[in-house]
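Chemist: 3D model of this:
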Amino acid sequence: MEEPLQHNLPDENFNDAIINQVSEISEKIAREMFPRIAERIIREEIEKLKNGATDTEE
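Modeler: As a prediction, this is how the structure comes out:
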């Protein structure tokens with residue numbers, strides 16, 4: 001007869017440490033990536049507006 005597997009669940013402190021680490025990494029990535037993405041989107045939208053204004057002027 002096999003013994004049931006024991007679930008070695010991490011304690012609450014370990015979970016909190018992991019959550020804090022993931023939060024820090026996520027925030028760092030967001031702070032690095034979002035400004036670049038936002039700038040690209042804004043530039044693309046400006047170009048669309050410029051091209052739209054040029055098309056209507058002709």
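
Chemist: now do the helices in this structure.
Modeler: 12-57 (DSSP state H).

Chemist: quick one: low-confidence parts of this structure?
Modeler: For the chain, the stretches flagged by pLDDT under 70 are 1-10, 54-58.

Chemist: against Ser26, how distant is Ile46?
Modeler: Per Cβ to Cβ, to the nearest Å, Ile46 is found 30 Å from Ser26. Heads up, the C-betas are built off the backbone N, CA and C, glycines and all.

Chemist: my bad, should have said Phe34
Modeler: 11 Å.

Chemist: same check, this time on Glu45
Modeler: When distance is defined by Cβ to Cβ, Glu45 is 27 Å away from Ser26.

Chemist: what of Ile37?
Modeler: 15 Å.

Chemist: next: Glu12.
Modeler: Counting by Cβ to Cβ, the gap from Glu12 to Ser26 is 21 Å.

Chemist: now swap in Asn15 and tell me
Modeler: From Asn15 across to Ser26, the span is 16 Å (Cβ to Cβ).

Chemist: over to Ile42?
Modeler: Distance, Ile42 to Ser26, by Cβ to Cβ: 23 Å.

Chemist: equivalent analysis for Met33, please.
Modeler: For Met33, the distance to Ser26 (Cβ to Cβ) stands at 11 Å.

Chemist: tell me how many other residues surround Glu27.
Modeler: Neighbour count of Glu27, defined by other Cβ atoms under 10 Å: 10.
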